[in-house]
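**Student:** Fold the following.
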Amino acid sequence: MDQNFLVKDAEGTRYVLKIMNSEESKDATLLGLQTLAMSFLLSRGVPAQTALCTTTGRLMTSEETGCGPGAQTFCVRLMTYLPGDTIAQSPVTTQDLYRVGKLAANIDKALQQLQSPDLHVLQRDGVLWTFPNFCLLEDYLSVMDGDPLQDIVRAVLDQFRSHVQPRINTFQKGIIHGDLSDQNILVTPGGGGHHEVSGVLDFSFLMNGCYVFELAVSIMYLMLENPRPLDVGGAVLAGWESIMPLNEEEKDSLFLLVLARFCQSLVYGRFNARRYPDNKKFILTTAESGSRLLTELWERGKTDVEQRWFKDASVFSEES
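**Tutor:** Just a heads-up that it's a prediction; the model follows:
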């Protein structure tokens, strides 16, 4: 796991000292590209963290700890501090969610202009959490043995294979943030009970992907702590489509993509909780509400939920 430490200088200015986990620290090229993307987005008005230079002018350093054969190397960066609370901690309105959807699309649209000789490293086909690899989830289903939720996960796998996988080649593609979740978006209170986005965090899932994947991930995570979770999809969708409209294949796949991310979160969460029992509480943050929402969405069905989302989105479009 990454480690983050709050640092204050003599004047009281805050920073975040970020120590990457040992596995991700092995790929300095990818980490450098993530750092570049953050600065690039900040220059285009996105409130992203940026890395500060070391005394030798570098944006990150590699530090070795331990001794003998157990020595490990970690990438260390000093990042700017961004104010605010996560959306998970904040009573956001549907208008706030509309703006988050719009911001998400603007981030991915801006990333179309990112230039670097290292962009090829964003073709991250081996990442387990990507949607093209969703069906690998079946290899981990033993962690669900005895849980009736396993039947829903298997049904989602079957429908994903038949209805989504054959369409992925029709989806619009580009560089995506990859993890615009309720934990990675900071907000501060604004007027009239609304909130303003004050920070976008964690670019560790930056990759070449499909834009509808970004939208599905955001909808899924923003539902988790919302007291009216079914209101989330339409608001985020409307904001997204005000910048980057979906094609028909993407619209017809959105519901199953949201369910697929619920399934990934629940199954991989349980698997990793077994591997890292000391961090079980954090790993299973989404488990209770995620199980409930996956069950509710599945029981309501694709037609009912999609009609709700797209009807709500059309109303937002008329009001905005």
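**Student:** Just name whatever secondary elements the longest strand along the chain is in contact with.
**Tutor:** Secondary structure of the chain per DSSP state E: the longest strand is strand 72-80. In terms of contacts (3 or more CB pairs under 8 Å, 6 or more residues apart in numbering; DSSP states H and E), strand 72-80 is packed against strand 14-19, helix 28-42, strand 51-52, strand 61-65. Just so you know, the C-beta spots here come from the backbone N, C-alpha and C atoms, and that holds for glycine as well.
**Student:** The ones you listed: which one's closest to Ser90?
**Tutor:** In terms of CB to CB, the element of the helices and strands packed on strand 72-80 nearest to Ser90 is strand 14-19, at 19.6 Å.
**Student:** contact partners of the closest one?
**Tutor:** Under the contact criterion CB atoms under 8 Å, 6 or more residues apart in numbering, strand 14-19 has outside partners 2-9, 49, 52, 74-81.
**Student:** Now, of these, which are buried?
**Tutor:** Neighbour-count burial (16 or more other CB atoms under 10 Å) applied to the contacts of strand 14-19 gives Gln49, Phe74, Cys75, Val76, Arg77, Leu78, Met79, Thr80.
**Student:** after the longest strand of the chain, next one along is what?
**Tutor:** Downstream of strand 72-80, the first helix or strand assigned by DSSP states H and E is strand 85-86.
**Student:** just checking, what packs against that next one?
**Tutor:** strand 185-189.
**Student:** Now tell me what touches the strand it packs on from outside.
**Tutor:** With CB under 8 Å, 6+ apart, strand 185-189 has contacts from 47, 82-87, 90, 92, 96, 100, 195-201.
**Student:** Am I right that Val236 is in contact with Tyr98?
**Tutor:** Yes. With contact defined as CB atoms under 8 Å, Val236 counts as touching Tyr98 (7.2 Å).
**Student:** Same drill for those two, tell me which one is more crowded.
**Tutor:** Set Val236 next to Tyr98 and count neighbours by other CB atoms under 10 Å: Val236 wins out with 31 against 23.
**Student:** Which helix or strand contains that one?
**Tutor:** helix 232-241.
**Student:** worst-scoring helix or strand of the chain, pLDDT-wise?
**Tutor:** helix 280-283 (a mean of 58; mean pLDDT, DSSP states H and E).
**Student:** So which elements touch the helix or strand following it?
**Tutor:** Tracing the chain past helix 280-283, the next element assigned as helix or strand by DSSP H and E is helix 287-300. Contact partners of helix 287-300 among helices and strands, from 3+ CB pairs under 8 Å, 6+ apart: helix 149-159, helix 248-275.
**Student:** of all those, which lies closest to Thr13?
**Tutor:** The minimum distance between Thr13 and these falls on helix 248-275, with 35.2 Å, by CB to CB.
**Student:** Just want the angle from that closest one to helix 232-241.
**Tutor:** Computed with axes from the mean of the first three to the mean of the last three CA atoms, to 10 degrees, the direction of helix 248-275 lies at 120 degrees from that of helix 232-241.
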